[in-house]
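In: With the input below, show me the fold.
(chains A, B and C)
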Amino acid sequence: MAKKLFLLDAYALIFRAYYALIRNPRITSKGINTNAQFGFTNTLFDLMNKEKPSHMAVCFDVEGVTERHTDFADYKANRQETPEDLSAAIPFIKRIIEGFNIPVIGVTGYEADDVIGTLAWQAHDAGYDVYMVTPDKDYGQLVRDGIFIYKPGYQGGDVEIMGPKEVCTKWDIERVDQVVDILGLMGDAVDNIPGIPGIGEKTAAKLLKEYGSIENILANADNIKGSLGEKVRNGKESAIMSKKLARIITNVPVEFHEEQFCLKEWNKPALIEVFTELEFKTLGKRVLGEEFNVFQTAPVGVQTDLFGNVVEQSEKSKAKSEKKEVAANTDGNADVEATGFGADKNINNTAHNYILADTQEKIAALVKDLLQQTEICFDTETTGIDANDAELVGMSFSYIPHEAYYIPCPADQTATKKILEQFTPLFNSEKITWIGQNLKYDMLVLKWYGIELKGNIYDTMLAHYVIEPEGRRSMDLLSAQYLGYEPVHIEELIGKKGKNQGNMRDVEVEKIKDYAAEDADITLQLKHALHPGLKEKEVEKVFYEVENPLVKVLTDMEFEGIKIDEGFLKDYSKELEREARLAEENVYAGAGVKFNLSSPKQLGEVLFEKLKLDPKAKKTKTGQYATGEDVLLKLSHTNPIVADILVYRELTKLKSTYVDSLPLLINKKTGRVHTSYAQAVAVTGRLSSNNPNLQNIPIRTDRGKEIRKAFIPRDDKHVLVSSDYSQIELRIVAGISGDPNMCEAFKSGIDIHTATAAKVYNIEAKDVTKEMRYKAKSVNFGIIYGQGAFGLADNLGISRSEAKEIIDNYKKEFIGITKYMDDTINFAREHGYVQTLMGRKRWLRDINSSNFTVRGFAERNAINSPIQGTAADMIKLAMIKIHAAMKKEKLQSKMLLQVHDELVFDALKEEMDTLKPLILENMKAALPLPHGVPVEAEVGFGDNWLEAH
DNA sequence: GCACAGTCTT
DNA sequence: GACCAGAGACTGTGCT
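Out: The predicted model follows:
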């Protein structure tokens, strides 16, 4: 078997690490993108772990990297990272490379690529399989897909040269020259080659065809007319430099000696150091084994030189890890060991007292004791994650740090109810503030036993939400962050997530006691740790007046659920199935092939390679053809199957996401669907809904609308009532900007989009055409989200100049809004945050970024967040008020759903006369807007959601 | 199990 | 030449 040599370009690693280490929180819908977070180290580890190279080297070219970025100001401006950013990443990279004990090579005056190129061929001739690890052809690809591996000498000595949009696989000098020339000319073509900004691949090819070479083009630059000529003249230096950069040199003065590149054993202590410092928990365990624990080894901030030795640190770390192992071996109780980042903060150094209360006497004494308290931390253990379908396994209470009580609840539900009865005076006490992490869950569980907490709520999850709206806030994470302590994981009790996960019911009481009591204990300590933050960040108002009181409202709504007409959906499913089949057959017949129509990848190949519907077909960032709705709509005139594809897409989407899934989520006990509201997810302050998501039930198309007919009232004594705010976000814009024209429009009650059109086109409201109103509407929404002329033009299908004119007019007419946008951005720049009327804040750390794209994103958020967030505050306040009023009036009607600006109720028909004004008045008065801008709401009712809306 | 493309809402 | 409105949840495909 041939020996394997891996050559890595540090340049690629630095970019990768920059993203991994400096900008690491790349948030996706599922939380932090761990791929980005650990990508660099993962790549290194995977290479060694899976490929098992015998030899390896990293080619370091740090100076080159930062130089290149400072040389080209333009180029730099379009990048997300700065030389400083990269420099910041380099020490970490060095330490990780050092930890893995990978040889490093660098030759002054040459690019890492060239060193790699030279070594690769030498090693290849010496009989090695050489793998070059280097960035892919474009920067975006690098960030997303990791490091591209290509292999010279893999197929009879072929080498791959990355060119723009194609790969040259033969060592074909002529072809290489062409590629190199194109790269030299083409702006931003390849990761580290700037080219001439403003020149694309096609222009580059055209120029080369005309003049033959870059040198000829530059010599004749003065003869090239127009802006193209100017670009070429301005880019002379860049083009020559880029051409040089693009060619991989294979005669660098460096020699391949195999003993120099032999992989040695890892320097584990050094790895532990750096992983600990970077909190690479999961990866640390993968690399170093299960015993690695970030929270058990204190970080040591000793800088190391790339080639320096790490003996001193190693000794230290070694001592630490040994100590840790001893501790782990002598004490099986996870509670009492582990040391965090700040040993002083760590609760495990303090003895704790977790007490089991499993007899009537003990419980009675506990309840008596708890009744003396004003703040009690409370947590439940249950048989499952779905509160609407879970049994109580136990409860824990804590009111003094390091002390907690656990009460087991038996599987016999009558016995459990009996235990709960003992707690009734406690749960009914109005002077107790209940502290908990996501109390909505616990309250929902209790509600199934007929119990409601009468006191106030203090939810630590919500406290963290208002203090730090972005990021995740699981208890494990908060505990690690605020208390420097890693609690027992639930997996240690019931196993890893998945279908084999066990049940809390089957875990021995002693174990649950430790786990559950610790949860209550930690949550209480979290409350103390988080509490000062509320004042510091000035978010107490939104916390105490909005988020905490809302918990009870949401609990009741989730408990109620909504009735679904299962039979209707079943019939509709069949109908959709039939029509989708038909459309699918049409597509196959029209295309002449059968394929998986649900696969965008296969569809793209059929449309653009077989049928060649669009020679200029756009591709997605991963290189497959884009086949989104917008793309297909533009193609619909070219081939009749496109319309069928769109129909197929619509039907299958409706069928799989709604019609077929909703019935599966009907609760067996209630026969209703109970959505779950996430109160601490959306950064702007909105709620989100899942399991199922009832906030995205279709309404736009006729076929989609049908689904709303499946949402029905409880019985024939009830109707569904839907009430929604009218133009709430625009009213808020008017209110907080105080723009006189817009405020006036709302006060006089005329249609806001018509009023806007009249102003923008400078005509009377009565002369506004449908089209003008439509455009004005689009501008109204676009403007407040910071959409530019291009976006508006694209949206409306009009020319850019027309779009620009409309926007300019708009800004002139609604000068207050322009001022609001400028003021908001300036406020954010100065203070680092923006806020809603209720003081809900959003921090924008990128608002002063030197990078255009990053800053732009922050600026749009600065404008949008106060608007969307104020709307969220308003409806939340309305919900709290309506909930209280309904309780006061002892109404039997129930609030069921919230869809951002809409509330849905199950209304008892005879209560309608009371209910309707109650809803409307509370919605309108929930949060008065500045400048006297009126808030309007409408209410409708019917035998299903479609009729009510 | 994860990333991605696509599609639904406000 | 690329990007280009905010905020989410969920599905199927394709890869590891």
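In: so what's A:H949 up against?
Out: In this structure, A:H949 makes contact with A:699, A:708, A:722, A:724, A:902, A:940, judged by CB atoms under 8 Å, 6 or more residues apart in numbering. For glycine as for every other residue, the C-beta is placed from the backbone atoms N, C-alpha and C.
In: What count of nearby residues applies to the closest residue to the third one other than its chain neighbours?
Out: So the one you mean is A:S722. Among residues not flanking A:S722 along the chain, A:A948 sits closest, at 4.0 Å (CB to CB, 6 or more residues apart in numbering). Neighbourhood size, A:A948 [other CB atoms under 10 Å]: 22.
In: thinking again about what came up before, can you lay out the contacts of A:H949 as JSON lines showing pLDDT and distance to DNA strand C?
Out: Below are the contacts of A:H949 laid out as JSON lines (pLDDT from 0 to 100; distance: CB to the nearest atom of the strand, whole Å):
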{"residue": "A:I699", "pLDDT": "90", "distance to DNA strand C": "12"}
{"residue": "A:R708", "pLDDT": "94", "distance to DNA strand C": "15"}
{"residue": "A:S722", "pLDDT": "95", "distance to DNA strand C": "19"}
{"residue": "A:D724", "pLDDT": "94", "distance to DNA strand C": "15"}
{"residue": "A:E902", "pLDDT": "94", "distance to DNA strand C": "13"}
{"residue": "A:G940", "pLDDT": "95", "distance to DNA strand C": "22"}
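In: In strands only, show me those residues.
Out: The strands, defined by DSSP state E, take in A:722, A:724, A:902, A:940 from these.
In: show me the contacts for the third one.
Out: Taking CB under 8 Å, 6+ apart as the criterion, A:E902 is in contact with A:722-725, A:949.
In: who in the stretch 501-650 of chain A is up against DNA strand B?
Out: Proximity of the stretch 501-650 of chain A to DNA strand B (CB under 7 Å from any atom of the strand) is limited to residues A:600, A:604, A:620-622, A:624-629, A:631-632, A:646, A:649-650.
In: Kindly give a single ChimeraX line that selects the buried subset of the residues you listed.
Out: Selection of buried members from those for ChimeraX, criterion 16 or more other CB atoms under 10 Å:
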select /A:600,604,624,625,627,631,632,646,649,650
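In: following the helix or strand hosting A:K574, which helix or strand shows up next?
Out: Here A:K574 sits within helix A:566-591, counting by DSSP states H and E. Next helix or strand after helix A:566-591 toward the C-terminus (DSSP H and E): helix A:600-605.
In: check whether that following helix contacts DNA strand C.
Out: Yes: for helix A:600-605, a contact with DNA strand C is found by CB under 7 Å from any atom of the strand, at A:601-602.
In: Could you pull up the mean pLDDT of that helix?
Out: On average, the pLDDT along helix A:600-605 is 87.
In: With stretch A:762-778 instead?
Out: Confidence for stretch A:762-778, expressed as mean pLDDT, is 90.
In: Which positions within it qualify as buried?
Out: In stretch A:762-778, counting by 16+ other CB under 10 Å, buried: A:765, A:768, A:772-773, A:775-778.
In: Can you tell me which of these is nearest A:T870?
Out: Taking CB to CB as the measure, A:T870 lies nearest A:K777 of those, at 20.6 Å.
In: Just give the closest residue to that closest one, not the sequence neighbours.
Out: Take A:K777 and drop its neighbours on the chain: the residue closest to it by CB to CB, 6+ apart is A:H753, 4.1 Å away.
In: near DNA strand C, which residues of the stretch 601-750 of chain A show up?
Out: Applying CB under 7 Å from any atom of the strand, we find that the stretch 601-750 of chain A lies next to DNA strand C at A:601-602, A:621, A:652, A:656-657, A:661, A:678, A:681-684, A:686, A:688-693, A:695-696.
In: With the stretch 351-500 of chain A instead?
Out: On the criterion CB under 7 Å from any atom of the strand, DNA strand C has no neighbours in the stretch 351-500 of chain A.
In: mind checking pLDDT for A:I116?
Out: On pLDDT, A:I116 comes in at 74.
In: Looks to me like it is in a strand.
Out: No: under DSSP: H, G, I helix; E, B strand; the rest coil, A:I116 falls outside any strand and is assigned helix.
In: hang on, it packs against A:I105?
Out: No: counting by CB atoms under 8 Å, A:I116 stays clear of A:I105, with 9.2 Å between them.
In: How about the residue in chain A positioned nearest to DNA strand C, nearest residue that isn't a chain neighbour?
Out: Here chain A gets closest to DNA strand C at one residue, A:G200, 1.4 Å apart by CB to the nearest atom of the strand. Among residues not flanking A:G200 along the chain, A:M186 sits closest, at 6.4 Å (CB to CB, 6+ apart).
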